[in-house]
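# Below are the sequence and a predicted model; questions follow.
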Amino acid sequence: AFQLPGGEIGWAVGMQSRQVEGRSSTNDDIEAEENMATQPCVWPDRAVVNIPAQVEPGVGTRGCPAIQGAFFSNGRVNIVTTIPPYYYDTQTWATFAELQLPVLENLNFSASVRHEEYNGGDLIGDIYSLAGKWDVTDNLYVRSSFGTNYRADGALELDPGAVDVATAGYGRFGTGAQRQRITTVGLDVGPENDQTFNFGVGWESDIGEGRLRASVDFFEIVIDGQLATTSDTTILNDIFGLNTAAAQSNRGVVGIPNTATNNSPGQFANCNANLISFVTFTAPCQQGITTAASLNEVLRYQVNGPGFITNGIDYSIDFAYPMFSGTFSAQLTATNNQVYKARGYSVNDILFEPSGNRLGTANYTRTGNESRRWRANAVVRWADETHNVSVRANYSSGVYNEAYEVGGLTAIVSNIAATTTINETVNSTYGIFPKEYLDFDLNYIYTAPFWEELELRATVLNIFDKDPSPAQGRSGYYTATGNPRGRIFEIGVTKKF
């Protein structure tokens, strides 16, 4: 064995194999039906319902997959996606090595490396990590780590260079409007690359008969080349303007009349738009003449697109102390996001998405996820062998909906018949400006002393019946924050045998 002043060097090497198979089909006693190969499109039958009017059946039309056969799902065919029977088989081979280096009794380092190959080399990736911890005193320590990673799942499902042709509905050009939508997978598409970094300081000590644990950690996460499909909405908004009455009546583009309306095929195309090459027309585009009525195809691409960088500080405090016949404890965890930026990307040497700051915004109209500056949870608990009572607080800061700035919201329209003048440039401020969220949960667990492994639970979620943070979206609230069901009472019984 190899020795260092801090102890024996630890190491490990190994190999791993993983195979995943999946399939989807329709169960039926008739094999042809099972393969969905005998019924013509479209579904539902237009003899039963044909509002709005649907095109004649045929491969590639709405409701039809690329192969002959019907597609069954909920809703009308113009709002569902075709999913014919499919099968997939993924194999992964990996080799890895790990190393533990106890340099001193109070200084340790670790390192690991992993090589993975998917489907015989279709995708190959290498990841590694480095970490270290220094116990400065018996109570104070410093730690840090750096690692790389990648996500291969999305890229494995794509075939570089593959082209998918489908007929899609575009309601912004009128009820039942359809156009060909062609999606091309980039030739060099691959897994996204990630990097993580952490540096922290911590404290551990006893306080009388109790304990105190606390830490502060800086973190940074970099995501590069996230798999993305260029958005139809971004393409059409760039070429035809926003689909609102206010935007269409005031395009502000040289050579384009301000006479079009929303939800109409008469919207004029800006032939000089940045993304004009992402569509085709039935005739050459002419400024001020060509409209959506001449739109032939929308061209989408699946590529390694945007990148993101986020960093911030994690705080953690854990305190416990004996009280009466049990233990009182309090825990607090909080995250302060300080940076969240997106790196723009280009497709076919054309800038598709610009870079920019995404922190503290909903990011409804651009790349990025809903980003809050603060999130925190706190728990106060008292427990003994029989009783366990806790109160939990959940907090998150608000976000600003940037769609308000670009007119990407539905304008206020009066529903009073006598109103003749409507200002459709005025948007509702519901859910636009940041509104923080705070709620509390109460939980009680009774562990029966008379019957082993029997627990009775009673919980009140959202004690003060707090409404979730409002948002201008289909749900009316930010789904990742709060509970739209209000105050909830739960009771439960658990018995292990």
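That came through, no problem. As the structure is a computational prediction, the values presented were derived from the model and not from experiment.

# pLDDT weak spots in the stretch 101-250 of the chain?
Applying pLDDT under 70 to the stretch 101-250 of the chain picks out residues 153.

# gap between residue 468 and residue 480?
Per Cβ to Cβ, to the nearest Å, residue 468 is found 9 Å from residue 480. For the C-beta atoms, the positions are set from N, CA and C on the backbone; glycine is no exception.

# Of the two, which one has the most company?
Using other Cβ atoms under 10 Å as the criterion, residue 468 and residue 480 rank with residue 468 on top: 21 against 11.

# With residue 431 as the reference, measure out to the residue nearest the centre of the chain.
Nearest residue to the geometric centre of the chain (Cα atoms, centre = their mean): residue 369, 6.3 Å. Counting by Cβ to Cβ, the gap from residue 369 to residue 431 is 17 Å.

# same check, this time on residue 462
Counting by Cβ to Cβ, the gap from residue 462 to residue 431 is 19 Å.

# swap in residue 445?
37 Å.

# Also residue 278?
From residue 278 to residue 431 the distance is 31 Å (Cβ to Cβ).

# again with residue 130
Applying Cβ to Cβ to residue 130 and residue 431 gives a distance of 44 Å.

# returning to what we had before: more crowded one of residue 445 and residue 431?
Using other Cβ under 10 Å as the criterion, residue 445 and residue 431 rank with residue 431 on top: 21 against 17.

# could you say which helix or strand contains that one?
Using DSSP states H and E, residue 431 sits in no helix or strand.

# One more: the one 10 residues further on?
When elements are assigned from DSSP H and E, residue 441 belongs to strand 437-447.

# Sheet partners, orientation included, of that strand?
strand 387-396 (antiparallel), strand 454-461 (antiparallel) (DSSP bridges).

# list the helices and strands the longest helix belonging to the chain packs on?
Taking DSSP state H as the criterion, the chain has its longest helix at helix 232-240. Contacts defined by 3 or more Cβ pairs under 8 Å, 6 or more residues apart in numbering; DSSP states H and E place helix 232-240 against strand 279-281, strand 295-304.

# Any regions of the stretch 301-450 of the chain where pLDDT drops low?
The model of the stretch 301-450 of the chain has pLDDT under 70 over residues 406-427.

# can you rerun that using 50?
414-418, 420-425 (pLDDT under 50).

# ranges for the helices of the stretch 101-250 of the chain?
Ranges of helices in the stretch 101-250 of the chain, per DSSP state H, counting those that start in this stretch, are 153-156, 232-240, 245-248.

# Strands of the stretch 101-250 of the chain, start to end?
107-118, 123-135, 140-151, 163-169, 178-185, 192-207, 210-224, 227-229 (DSSP state E, counting those that start in this stretch).

# helices and strands around the helix or strand that contains residue 95, which ones?
Residue 95 is part of strand 86-104, with elements assigned from DSSP H and E. Judged by 3+ Cβ pairs under 8 Å, 6+ apart, strand 86-104 is in contact with strand 3-4, strand 10-24, strand 107-118.

# Tell me the strands beside that strand, with direction?
For strand 86-104, pairing defined by DSSP bridges yields strand 10-24 (antiparallel), strand 107-118 (antiparallel).

# hmm, back to that, tell me the buried residues in the strand holding residue 441?
Buried residues in strand 437-447, defined by neighbour count with 16 or more other Cβ atoms under 10 Å: 437, 439-441, 443, 445, 447.

# got the phi/psi numbers for the closest residue to residue 210 other than its chain neighbours?
Nearest residue to residue 210 in three dimensions, chain neighbours excluded: residue 321, at 3.3 Å (Cβ to Cβ, 6 or more residues apart in numbering). As for residue 321, its main-chain torsions (degrees, to the nearest 10) stand at phi -160, psi 140.

# who's residue 321 bridged to?
Where residue 321 sits in a bridge, its partners, by DSSP bridges, are residue 328.

# Distance check, it against residue 207.
7 Å.

# these two touch, right, residue 197 and residue 219?
Yes: counting by Cβ atoms under 8 Å, residue 197 touches residue 219, with 6.9 Å between them.
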